[in-house]
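1. Here is the input, now give the coordinates:
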Amino acid sequence: MAAESAQAEYPDRPITFVVPAVAGGAADVLTRVLTAEMTKRLGQPVIVLNKPGASGAIGLDSIAKAKPDGYTIGMHNLAILVGELTAAKTPYRPEDLIPIAKMFTQPNLLAVNPKLPVHSVADLVTYAKAHPHAVFYGSSGTGTSLHVVTALFAQSTGIQIEHVPYKSAPFGEADLASGQIQMMISNLTSLGPQAKAGRVRALAITGPKRSPMLPDVPTIAEAGVPAAQMETWGGVVGPKGLPDAIVGKLNATINQILEDPEVIRRYDEMGSAATPQTTAQFEALIKSERARWEAVVTEAHITAD
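-> Okay, the predicted model is just below:
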């Protein structure tokens, strides 16, 4: 009875929300929009704690090892899932985390340096096949999601391109604009403005629909490579053993927030879409994404440094 009473009163003190990324990045900003609204609706502070490092494993480990009482939750996303697949080991087991709610989806952008003589995905594929290993692409590091996503594009088109890993995506995007590399698939939020400014040439949006940020840029399916369609995503997870009542309350609260027109607008401004889901739907997404990207990683023989 005491445990049931405590759950009924949840939350009765501040909640820590772990973001396994640096402050100020897209994941952090999207989370803070959510947690500000959670604070209002739950009646307790929801405090963001940034724990970057090891492709998100440090932050996820702190969530997995937390007491399953609902007072330590945090973000899981595609980049972290890929890191789990490419790392030799992680300090936590993926099964020690349980899904709570999905937060957002966001497409990537395929872009090239304007000096490369291509103006479409078909042009790029033709050029790369005529010049094998001559097109260099950047990523946020070996074994990261941007590395794996580009490997999917290469597998889907049968081209041979060379990987140049960077410490983070912005370094690669800068070299793309300057011509040090010829191609990159990266975050729409950061690469999109460079395309609008003419510093890089946008060829395709990787998501299922065009972006309001770049309405004239076709989707990857429209460009003829539907097998390379993908979106990055982020959601909320907690430690295994979290009571169903707490999971249900958090899921309902988060979904209500994601249906708020102002939250939808703010996410849209950042090139993301608020995507409320049931816990079961989010669990199914994680399962299917793990299977999809494990196959890509295996075929490309990708491992993290």
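
2. Give me the residue ranges of this structure where confidence is low.
-> Residues of the chain meeting the criterion pLDDT under 70: 1-8, 305.

3. in the stretch 151-300 of the chain, which spans are helices?
-> For the stretch 151-300 of the chain, the helices defined by DSSP state H, counting those that start in this stretch occupy 169-178, 188-196, 244-258, 261-269, 279-300.

4. can you tell which of the ones you listed is closest to residue 37?
-> Closest approach to residue 37 among the helices of the stretch 151-300 of the chain (Cβ to Cβ): helix 244-258, 4.3 Å. Heads up, the C-betas are built off the backbone N, CA and C, glycines and all.

5. Okay, strands next: where are they in this protein?
-> Using DSSP state E, the strands of the chain run over 15-19, 46-50, 72-77, 97-112, 136-139, 162-165, 183-187, 201-205, 231-239, 273-274.

6. Let me know which of these is tucked in deepest.
-> Across the strands of the chain, the average number of neighbours (mean count of other Cβ atoms under 10 Å) peaks for strand 183-187, which reaches a mean of 27.

7. which residues sit against that one?
-> Applying Cβ atoms under 8 Å, 6 or more residues apart in numbering, the external contacts of strand 183-187 come out as 26, 106, 108-113, 116, 124, 135-140, 146, 149-150, 153, 161, 169, 172-173, 176, 191, 200, 206, 232, 271.

8. Who are the contact partners of the most centrally placed residue in the chain?
-> Residue closest to the average C-alpha location in the chain (Cα atoms, centre = their mean): residue 232, at 3.8 Å. If you count contacts by Cβ under 8 Å, 6+ apart, residue 232 has them with 77, 78, 79, 105, 106, 107, 108, 145, 187.

9. Repeat the analysis, applying 7 Å as the threshold.
-> Going by Cβ atoms under 7 Å, 6 or more residues apart in numbering, residue 232 touches 77, 78, 106, 108, 145.

10. Of those, which pair is most distant in space?
-> Longest span within the contacts of residue 232, Cβ to Cβ: 77 and 108, 13.0 Å.

11. still on that earlier bit, can the strands of the chain go into TSV with extra columns for distance to residue 222?
-> Below are those laid out as TSV (distance: least, Cβ to Cβ, whole Å):
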stretch	distance to residue 222
strand 15-19	34
strand 46-50	37
strand 72-77	26
strand 97-112	12
strand 136-139	21
strand 162-165	26
strand 183-187	16
strand 201-205	8
strand 231-239	15
strand 273-274	18
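
12. Tell me which of those strands approaches residue 251 most closely.
-> Checking the strands of the chain against residue 251 by Cβ to Cβ gives strand 97-112 as the closest, at 4.6 Å.

13. Measure how buried the residue nearest to residue 14 when sequence neighbours are not counted is and give me the count.
-> Spatial nearest neighbour of residue 14, excluding adjacent residues (Cβ to Cβ, 6 or more residues apart in numbering): residue 45 at 4.3 Å. Applying other Cβ atoms under 10 Å, we find 14 residues neighbouring residue 45.

14. Next up, phi/psi of residue 45, please.
-> Backbone torsions for residue 45, taken as degrees, to the nearest 10, come to phi -60, psi 140.

15. For residue 29, see how far away it is.
-> For residue 45, the distance to residue 29 equals 18 Å [Cβ to Cβ, to the nearest Å].

16. same question, residue 98
-> 25 Å.

17. related to what we said a few turns ago, if we only consider the contacts of residue 232, which is nearest to residue 131?
-> Residue 131 has its nearest neighbour among the contacts of residue 232 in residue 108, at 23.6 Å by Cβ to Cβ.

18. can you pull the contacts of the closest residue to the closest one other than its chain neighbours?
-> Counting by Cβ to Cβ, 6+ apart, residue 206 is the residue found nearest to residue 108 once chain neighbours are left out, at 4.4 Å. Going by Cβ under 7 Å, 6+ apart, residue 206 touches 107, 108, 110, 185, 220, 228, 229, 230, 231.

19. Switch these over to TSV; also include distance to residue 276.
-> Below are those laid out as TSV (distance: Cβ to Cβ, whole Å):
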residue	distance to residue 276
107	18
108	22
110	28
185	27
220	25
228	27
229	22
230	20
231	15
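
20. Which one of these is nearest to residue 65?
-> Out of the contacts of residue 206, the member with the shortest distance to residue 65 (by Cβ to Cβ) is residue 231, at 29.7 Å.

21. surely the closest one meets residue 207?
-> Yes: contact between residue 231 and residue 207 holds when scored by Cβ atoms under 7 Å: they sit 4.8 Å apart.
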